[in-house]
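Peer 1: Provided below for reference: sequence and predicted model.
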Amino acid sequence: MPISIRLKLSLMMFLQFFIWGAWFVTMGTYLSQRFSASGAQMGMAYETQSIGAIIAPFIIGLIADRYFAAQKILALLHLVGAALLFSAAYSGSFSSFYPYILLYMVVYMPTLALVNAISFRQLAEKTAQFAHIRVLGTVGWITAGLLIGWFGWEGSQNLQFTFMLAAGASLALGVFSLTLPDTPPQATQQRPTIRQLLGLDALALLKDRAYLVFFLASVLICIPLAFYYQNANLYLNDLGISGAAAKMSLGQMSEIAFMLLLPLFLRRYGIKATLLVGMLAWVLRYVLFAYGNSGEQVWMLFFGILLHGICYDFFFVSGQIYTEQKAGREIKAAAQGLITLATYGVGMLLGFRLAGYITDLHHLDSGYQWWQIWLIPAGIAALVLVVFVLSFPKQRRLPV
């Protein structure tokens, strides 16, 4: 691949995830500081991600894949997104903020598939080369967190600037997308059915007991996952941890390291052990958050953040690999679409609803009862782990 194209794709990935990381991590803190938002309102704001994930297949499958070049619709969506983020930054109340962020996630979530499509069309060795391009996305997310910490917006209660920063990056990516390699619709593509868009052709996989157990566990483990996205930054700021967003970027740094270890672990110990380690990490992370503090137990908080690499890679990434291995050639794309819809759509939607309810339930005049809030997702993750251990049959090691 020409170096100029590699650099363009890498910058595209960097900006794509920089935009998301610039506001998503600290949104709960922003809503609490700016609007004194309730847990239910924070849950509503975060569940817009799930709504966007549910709608995204229709935008991609019915519009982008048939009528427009991918780079052009990517440009349009990011330019519209920039306007929505600027509007969100100047909202004076939660009721005016919510419609902007809901519309934003509806236009942002489809861009995740678009940047992948643009990248894969240019890659000769898709498996090996894509990892080198995609890692720049994680670097972008990390950079956003470090910048927020460097500017000190959390401590000065100026987190509206995160939306302006994201809007500026979205504007830049919108314009830059027009310079990306041309990625026209595949001329041979037929109009997809609703069943194909939702990945329902992959439901046949659920006849396999092992995959059914994994599928249900994936949906359920997203419930405790939502607690982290919604509450972690608010929690750290509530404890007085300075530069919380920057410190949370340590989790993405560990994600890069454990991504490199994942294939080795899968080869040596197999898929069941890998998934179990991922779920166990979720339990441990929330227990550490429950009993950590900004004093002598501050190490618990940092250890919990660093567990992100295991939490995400050993369950979600290994699950994507497992799905790829289990699906036949005809339904590989449908299978990935189905697991994404089930987890980021249904699972996290339920998770954000529950996280909002639990947060409100443990919010007193004296503040949040954080140890009780964190023990609930720890318990849910532990329950999912136990059921998984008892139900998932022994599997041969994957040829990763």
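Peer 2: Right, received. Where do you want to start? Because the structure is predicted, anything quoted here is derived from the model rather than measured. Numbers count the residues shown, from 1 in each chain.
Peer 1: Enumerate the positions of stretch 288-298 that are buried.
Peer 2: Judged by neighbour count using 16 or more other C-beta atoms under 10 Å, the buried positions of stretch 288-298 are L288, F289, A290, G292. Bear in mind the C-beta positions are built from the backbone N, C-alpha and C, glycine included.
Peer 1: what's the answer for stretch 258-277, then?
Peer 2: Within stretch 258-277, the residues scored as buried using 16+ other C-beta under 10 Å are 258-259, 262, 265-266, 270-277.
Peer 1: and the residue nearest to the spatial centre of the chain, how far is that from F161?
Peer 2: Geometric centre of the chain, nearest residue: Y344, 7.5 Å, by C-alpha atoms, centre = their mean. Applying C-beta to C-beta, to the nearest Å, the value for Y344 to F161 is 27 Å.
Peer 1: for the protein, what spans make up the strands?
Peer 2: Remark: strands assigned in the chain by DSSP state E are 363-364, 367-368.
Peer 1: out of those, deepest packed?
Peer 2: Burial of those is given as mean neighbour count (mean count of other C-beta atoms under 10 Å); strand 367-368 ranks first at a mean of 14.
Peer 1: Quick one: residues in contact with that strand.
Peer 2: For strand 367-368, contacts defined as C-beta atoms under 8 Å, 6 or more residues apart in numbering pick out Y235, D238, T359, H362.
Peer 1: about what we covered before: narrow the buried residues of stretch 258-277 to those in helices?
Peer 2: 258-259, 262, 265-266, 270-277 (DSSP state H).
Peer 1: Can you say which two of the residues you listed are spatially most distant?
Peer 2: Among those, the pair separated by the greatest distance (C-beta to C-beta) is M259 and K272, at 19.8 Å.
Peer 1: Could you list the low-confidence segments of the stretch 151-300 of the chain?
Peer 2: Residue ranges of the stretch 151-300 of the chain with pLDDT under 70: 186-201.
Peer 1: give me that answer again for 80
Peer 2: Applying pLDDT under 80 to the stretch 151-300 of the chain flags residues 185-203.
Peer 1: quick one, helices of it?
Peer 2: Taking DSSP state H, counting those that start in this stretch as the criterion, the stretch 151-300 of the chain contains helices spanning 160-177, 194-197, 209-238, 244-291, 298-306.
Peer 1: With L338 as the reference, measure out to the residue nearest to the centre of the chain.
Peer 2: 12 Å.
Peer 1: Between these two, which contacts overlap?
Peer 2: Common neighbours of Y344 and L338 (C-beta under 8 Å, 6+ apart) do not exist.
Peer 1: quick one, what contacts Y30?
Peer 2: Counting by C-beta under 8 Å, 6+ apart, the residues that Y30 touches are W23, L159, Q160, T162.
Peer 1: One more: S254?
Peer 2: Contacts of S254 (C-beta under 8 Å, 6+ apart): L306, L307, H308, G309, I310.
Peer 1: Tell me, how many residues neighbour the nearest residue to Y100 once chain neighbours are set aside?
Peer 2: Nearest in space to Y100, with sequence neighbours left out and distances taken as C-beta to C-beta, 6 or more residues apart in numbering, is A88 at 4.0 Å. A88 has 26 neighbours, counted by other C-beta atoms under 10 Å.
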